Structure formats: structure tokens, C-alpha cells
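J.: Here is the input, now give the coordinates:
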Amino acid sequence: ATPIRLPGPPTPKVVDVTRRSVSLRWTPPEDDGGSRIIGYVVERRRFDSDVWKVCHDTERIVGQELTMPDLPENTKYVFRVSAVNLAGQGESAETPGITQVKDPTETPDYELDASV
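T.: Have a look, this model is predicted:
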């Protein structure tokens, strides 16, 4: 039997941002380490911090997307995702750039009355 090794990094991206949440989606790693991927670990850190925090209550996430609610508005984050197989947790990959938690439109909530 071929020995299994840690999986390679997945490819994560930010797919949605609101003023209170960020949603990520990712594709599985090209190299599964010779073992089925059994889940993913998603972490975040503030842009100005070196401390990574896991973004979910469970040990790992089974799907390939995660929405993180209740994030402080205007906070800048970097996110990373790593795959887990039977050998353990593999190398993580970060989302491109820095993500700021904010309303994507940044427009006022009212319409201007043109008839005035």
C-alpha cells in the first residue's frame, strides 16, 4: 500500500462580502495525499495581526464553502483554508489580497427625489 501523506493546499476565494459577513468558497487540492479529503479548516486573521483563528465550531468543515457571520464592520481580514485527509491537516492557502467587511454597494439607503 502506498503511504498517505498530507494533502496539498486548496484554492480559496472570497465570493461574497456584506457589512457583517464574508463568504468563502474553495476548490479541493490537486494533490489529495493519496487519501480522500475528509474536510477543511478555515482560519482568519486581522490584517494587522499574526494570530490565526479558526472560523468554525466544528473540528472541520465537510463542504467547500463557509459564510462567517457577525464580523465587525470595516475590519480587514486575511483568510486561509487547508484540507484534511486521514494523514492530517495539510498546507493552507490564503485568499487573494485583503478582505474588508463592508457593504458591497456603499450607496445611501435612500433614493434621491428628482422632482424637487
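J.: Look up which residues are beta-bridged to the residue nearest to the spatial centre of the chain.
T.: Residue closest to the average C-alpha location in the chain (CA atoms, centre = their mean): L24, at 4.3 Å. Note on L24: beta-bridge partners by DSSP bridges are V14, L66.
J.: ok, it - contacts?
T.: Going by CB atoms under 8 Å, 6 or more residues apart in numbering, L24 touches 12-15, 42, 65-68, 79, 81, 95. To be clear about C-beta, it is placed using only N, CA and C from the backbone, and glycine gets the same treatment.
J.: now the residues you listed in CSV, with neighbour count, distance to L6 and pLDDT?
T.: Below are the contacts of L24 laid out as CSV (neighbours: other CB atoms under 10 Å; distance: CB to CB, whole Å; pLDDT from 0 to 100):
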residue, neighbour count, distance to L6, pLDDT
P12, 24, 17, 98
K13, 13, 22, 97
V14, 15, 25, 97
V15, 13, 26, 96
V42, 23, 17, 98
E65, 14, 22, 98
L66, 18, 21, 98
T67, 13, 27, 97
M68, 17, 25, 96
F79, 25, 20, 98
V81, 26, 14, 98
T95, 21, 21, 97
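J.: R60 and E43 touch, don't they?
T.: No - the pair R60 / E43 is not scored as a contact, 11.6 Å apart, by CB atoms under 8 Å.
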